[in-house]
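Student: Just the structure for this:
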Amino acid sequence: MTKVLIKKLDSSVELPTYKTNGASGMDLMAFINEPMTLKPQKSCLVPTGISVAFSSDFEIQIRPRSGLAAKNNISVLNTPGTIDSDYRGEIKVILYNHSDSDFLINNKDRIAQMILVPVIKMNLEETDILPETVRGEGGFGSTGK
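Tutor: Numbers count the residues shown, from 1 in each chain. Got it, this is the predicted structure:
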């Protein structure tokens, strides 16, 4: 396990936890004073009341919760969202309502999940010629249906 420092921005914040031994993500909860209504086809920024610090060899990805997506059509807009290792502000989640109905967000609702992921940095080397492949420059459906 990799150590991640976590700071509660209020004493009433509940820390994220793994819900099962096999879970890869920890559920993030809304930390709000009043319920928020997420209108259909709109997004909103939901605070979590926590900030983190971890090694520069990692990022935290913010991903949708499958239950919210399947049952309510609620997703993370910029999925996966990235928390960089040098960010020390509050983690906030951009939720999007894909449905035709209002969605009510209450304090301590589980709204997303966070996953610690290794980061491999690129070393770019400029060139005028790239190696040939069978696919070549074909994209956006070029390999079939």
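
Student: contacting residues for residue 111?
Tutor: 28-30, 46, 48, 65, 68, 74, 93, 95, 105 (C-beta atoms under 8 Å, 6 or more residues apart in numbering). Just so you know, the C-beta spots here come from the backbone N, C-alpha and C atoms, and that holds for glycine as well.

Student: That one and residue 60, how far apart?
Tutor: Distance check for residue 111 against residue 60: by C-beta to C-beta, to the nearest Å, it reads 15 Å.

Student: what's the answer for residue 132, then?
Tutor: Relative to residue 60, and taking C-beta to C-beta, residue 132 is found at 38 Å.

Student: Residue 43 now?
Tutor: Residue 43 is 20 Å from residue 60, by C-beta to C-beta.

Student: More neighbours: which of the two?
Tutor: residue 60 (22 against 15; other C-beta atoms under 10 Å).

Student: Any idea what residue 96 is bridged to?
Tutor: On the basis of DSSP bridges, residue 96 is bridged to residue 43, residue 75.
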